[in-house]
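Undergrad: I would like to see how this sequence folds:
(2 chains)
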Amino acid sequence: MTDIGYVTAGTIRLRANPARDPCFTVVYRDADMHEHAGAGQVARREMVHRHMSNEITSLDIAAQCLAEFPEAPWGLRLELARQCWDESRHVGALHRRLQAMGGRKGEFPISVFEWNITCAIDNLVGRLATQNRTLEAGAMDVVGALRRSVHDAGDEETARVLDMILTDEIQHVRFANRWIKTLAAVDRRALLKVAMAVRFLAETNAAFLPSGPEVNAVGTLLEAPTDRIPPVNIEDRRLAEFSDDEIREILRQAGFRSLEPETPVERPA
Amino acid sequence: MTLLVDERGRRIATFRWIAVRLMETVAGWTPTTPEMEVKQVFGRHIWDFAQHADALGKRTFELRLPEQHSIPPTEPYHNVLTQVAALRGTVERLAGLYDAVLPGLEARYQRYLQLTDAVLDEPSIVIVERILTDLARQRRDADRVRRSLTIAPGDPGELRMTEAAIADVCQVTATAV
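TA: Numbers count the residues shown, from 1 in each chain, chains lettered A, B, ... in the order given. Reported below is the predicted structural model:
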């Protein structure tokens, strides 16, 4: 059943790609994507297409976790099964929006890098730390900012779709945070697996991301990855049960930029 | 003749095992199925099967078994599910699950409803009736996605006959379901 193999890139072992419709072109570098600057029609269509593709990948990852870890606690498997449904509805909502905007699936290149990284990790707690707690939590920051920018561009419908998706993502991050704590309480070695998974993610990102700015396939200047960190979505990270200390650390990494500068994180008394 | 409590528990636990296996089967298919719209259908059905397993697993506890207890089915039925899980193409997968396994499973749930006590086992009946509603919807979902993507119907004939020839999915019982 789990018949997707592995590929080696340099010294890094990644999971081979999941299946995609032939209409999609899968690329491996940000520079090969067609991200446009601004919030014009093509830029918003590409953004919706990119997020639709990311939701397909999230569905694939959650499903693969269910298939590959049958020994996981039933409560955690239930959460992953629910996530599969949520992600499939997100794909449907974004596809519907894409078509309403005059777009079509396969119109722009896509990436499945989150799958390549996450599903290369051989334990479930490591995958939760990578996909749900890190990448999906990061997506909460990105989508939080996007929701605001498309709203400001007058695209209320896309903003509404993104807001609904963001609400579901909070639960995906929250259940991962809860289960990582639960699994670590049962077996402290889970923390080591989390640390190794986060390091693997950082090392893989470092190996594949450019060190400086670059121009992508459609001529958009992409800032250096270190300058591309989105403002932190503090409110939703709190709902996803990140601690104040964790949020403060994420804020520090983001250069103390948040979506809500008026509500700084207070250190508990 | 009606099912004894012990028989009900083992049958419900067997149905739970089957629901978990179907959840895992569809989950395993999702990343290896190319069509986006089919993945979407699978995502919904993974959650359906998980809910079926969860409801049945709560019921096992009420029938003197551990909570979320599963009992593997008879070997021939186990083999059918293994054969279906190994299917490769989208046409074959849709036909194997939705045109062979699910109609057979619906018949087995119906048979359970006929055999059990309508009053004393009503909590099981409520769960099974909800599952039957879902299974019928799942088959409609599969038909809809096949139509929308013009996916040719597969030939589930052999699988369906193999499945139908299995008298009982529950190990060591007196009454066939």
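Undergrad: A:Q171: how many residues sit nearby?
TA: Using other CB atoms under 10 Å in any protein chain shown, A:Q171 is surrounded by 16 other residues. Yep, even glycine has a C-beta here, placed from its N, CA and C like the rest.
Undergrad: measure it to A:L201 for me?
TA: Using CB to CB, to the nearest Å, A:Q171 is found at 22 Å from A:L201.
Undergrad: now residue 139: closest residue in space, sequence neighbours ignored.
TA: Using chain A here. A:E169 (6.3 Å; CB to CB, 6 or more residues apart in numbering or on different chains).
Undergrad: meant chain B actually
TA: With CB to CB, 6+ apart as the criterion, B:R139 has its nearest non-adjacent residue at 5.1 Å, and that residue is B:Y98.
Undergrad: for the one you found, what are its contacts?
TA: Listed by CB atoms under 8 Å, 6 or more residues apart in numbering or on different chains, the contact set of B:Y98 reads B:Q138, B:R139, B:A142, B:D143.
Undergrad: per-residue pLDDT, the first one?
TA: Predicted confidence (pLDDT) for B:Q138: 98.
Undergrad: name all residues that make contact with the spatially closest residue to it that is not a sequence neighbour.
TA: Distances taken as CB to CB, 6+ apart place B:H45 nearest to B:Q138, at 5.4 Å, with adjacent residues excluded. Counting by CB under 8 Å, 6+ apart, B:H45 makes contact with B:V26, B:Q138, B:D141.
Undergrad: most neighbours among these, please name it.
TA: When neighbours are counted by other CB under 10 Å, B:V26 leads the contacts of B:H45 with 28 neighbours.
Undergrad: am I right that it falls within a helix?
TA: Yes. Secondary structure assignment (DSSP: H, G, I helix; E, B strand; the rest coil) places B:V26 inside a helix.
Undergrad: against chain A, how distant is it?
TA: When CB to the nearest CB, to the nearest Å is applied, the distance between B:V26 and chain A equals 8 Å.
Undergrad: one step back: could you redo the contacts of B:Y98 as TSV and give each row secondary structure?
TA: Listed next are these as TSV, based on three-state DSSP:
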residue	secondary structure
B:Q138	helix
B:R139	helix
B:A142	helix
B:D143	helix
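Undergrad: my read: B:A136 touches B:E106, true?
TA: Yes. At 7.3 Å, B:A136 counts as touching B:E106 under the criterion of CB atoms under 8 Å.
Undergrad: what number of residues lie near A:G255?
TA: Neighbours of A:G255 (other CB under 10 Å): 11.
Undergrad: for the nearest residue to B:G9 once chain neighbours are set aside, what are its contacts?
TA: With CB to CB, 6+ apart as the measure, B:L63 is the residue that lies nearest to B:G9, at 3.5 Å, once sequence neighbours are left out. B:L63 makes contact with B:V5, B:R8, B:G9, B:I12, B:S124, according to CB under 8 Å, 6+ apart.
Undergrad: closest one of the residues you listed to chain A?
TA: Looking at the contacts of B:L63 and their distance to chain A, the nearest is B:I12, at 15.6 Å (CB to the nearest CB).
Undergrad: contact partners for that closest one?
TA: Neighbour list for B:I12: B:L56, B:R59, B:T60, B:L63, B:S124 [criterion: CB under 8 Å, 6+ apart].
Undergrad: could I get those as a markdown table with secondary structure and pLDDT?
TA: Supplementary listing: the contacts of B:I12 in a markdown table, determined by DSSP: H, G, I helix; E, B strand; the rest coil; pLDDT from 0 to 100:
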| residue | secondary structure | pLDDT |
| --- | --- | --- |
| B:L56 | helix | 98 |
| B:R59 | helix | 98 |
| B:T60 | helix | 97 |
| B:L63 | coil | 96 |
| B:S124 | helix | 98 |
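Undergrad: which is the next helix or strand following whichever strand or helix holds A:S53?
TA: Here A:S53, judged by DSSP states H and E, is contained in helix A:41-68. Downstream of helix A:41-68, the first helix or strand assigned by DSSP H and E is helix A:74-100.
Undergrad: starting at the chain centroid, how far to that next one?
TA: Centroid separation between helix A:74-100 and its chain, computed with CA atoms, centre = their mean, to the nearest Å, is 13 Å.
Undergrad: can you point out the buried residues in the host helix or strand of the residue nearest to A:A139?
TA: A:E169 is located in helix A:156-186, with elements delineated by DSSP H and E. Of the residues in helix A:156-186, those scored as buried under the neighbour-count criterion (16 or more other CB atoms under 10 Å in any protein chain shown) are A:158-159, A:161-162, A:165-166, A:168-180, A:183-184.
Undergrad: need the contact list for the residue nearest to B:G104 when sequence neighbours are not counted.
TA: Spatial nearest neighbour of B:G104, excluding adjacent residues (CB to CB, 6+ apart): B:E163 at 4.2 Å. The neighbourhood of B:E163, defined by CB under 8 Å, 6+ apart, consists of B:Y77, B:V80, B:A100, B:V101, B:G104.
Undergrad: identify the residues contacting the residue of chain B at minimum distance from chain A.
TA: Ranking the residues of chain B by distance to chain A (CB to the nearest CB) places B:G43 first, at 2.7 Å. For B:G43, the contacting residues are A:L59, A:A63, A:C84, A:W85, A:E87, A:S88, A:R89, A:V91, B:T30, by CB under 8 Å, 6+ apart.
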